[in-house]
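> any chance you can model this:
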Amino acid sequence: MSQWYKTPSSKTLSANAGTAKILLKAAAQIQHKLGHGIRAISPVLLGVEREQDWRKHFEGVCKSLAPGNEFELDLAYLIAWQLWRFGRLVRHETALTT
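Residues are numbered from 1 along each chain as shown. Purely as a prediction, here's the structure:
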């Protein structure tokens, strides 16, 4: 296996500080996207709904829509979010009228 695919040692990183800074910056950008992206927010109401139920719902929507790229996955997330909220509204209206 070539050096490119191996995890660099601290000695390699210190000897190659420029590359290390680039790698750290790239990792920080990826982490920022994961923490602040559209799918980083959960529609679950704490104490009322369960995160596990949301995940199952989202996975079902994704399976049905079969997104082929990142943009389509974001759209699938938004569709799942709106269906989740609509289900919540229906449950609330039903509880008020029964």
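> give the buried residues for stretch 84-98.
By neighbour count on 16 or more other CB atoms under 10 Å, the buried set for stretch 84-98 is Trp84. To be clear about C-beta, it is placed using only N, CA and C from the backbone, and glycine gets the same treatment.
> tell me the mean pLDDT for the helix of greatest length in the chain?
What stands out as the longest helix in the chain, according to DSSP state H, is helix 70-97. Across helix 70-97, pLDDT averages out at 93.
> Ser42 touches Arg50, doesn't it?
No: counting by CB atoms under 8 Å, Ser42 stays clear of Arg50, with 10.8 Å between them.
> domains in this protein, by residue range?
1-36, 44-98 (automatic domain parsing).
> avg pLDDT for the shortest one?
Same thing as domain 1-36. 57.
> mind starting the numbering at 24 from now?
From this message on, residue numbering opens at 24, which makes the last subject domain 24-59.
> wait, doesn't Leu98 sit right on Ala89?
No: between Leu98 and Ala89 there is no contact under CB under 8 Å: 11.8 Å.
> what about these two, which has more around it?
Leu98 (14 against 8; other CB atoms under 10 Å).
> residue contacts, that one?
When contacts are counted by CB atoms under 8 Å, 6 or more residues apart in numbering, Leu98 touches 88, 90.
> now it: how far from Phe81?
13 Å (CB to CB, to the nearest Å).
> same deal with Leu68?
Taken as CB to CB, the span from Leu68 to Phe81 is 15 Å.
> so which of the two has more stuff around it?
More crowded of Leu68 and Phe81, by other CB under 10 Å: Phe81, with 20 against 10.
> what's the helix or strand for the more buried one?
Assigned by DSSP states H and E, Phe81 falls within helix 74-88.
> one more: Leu69?
Using DSSP H and E, Leu69 is not contained in any helix or strand.
> list the contacts of it.
Per CB under 8 Å, 6+ apart, neighbours of Leu69: none.
> phi first, then psi, for it.
Reported as degrees, to the nearest 10, the phi and psi values for Leu69 are phi -60, psi 140.
> sorry, back to before: between the longest helix of the chain and helix 74-88, how big is the angle?
120 degrees (axes from the mean of the first three to the mean of the last three CA atoms, to 10 degrees).
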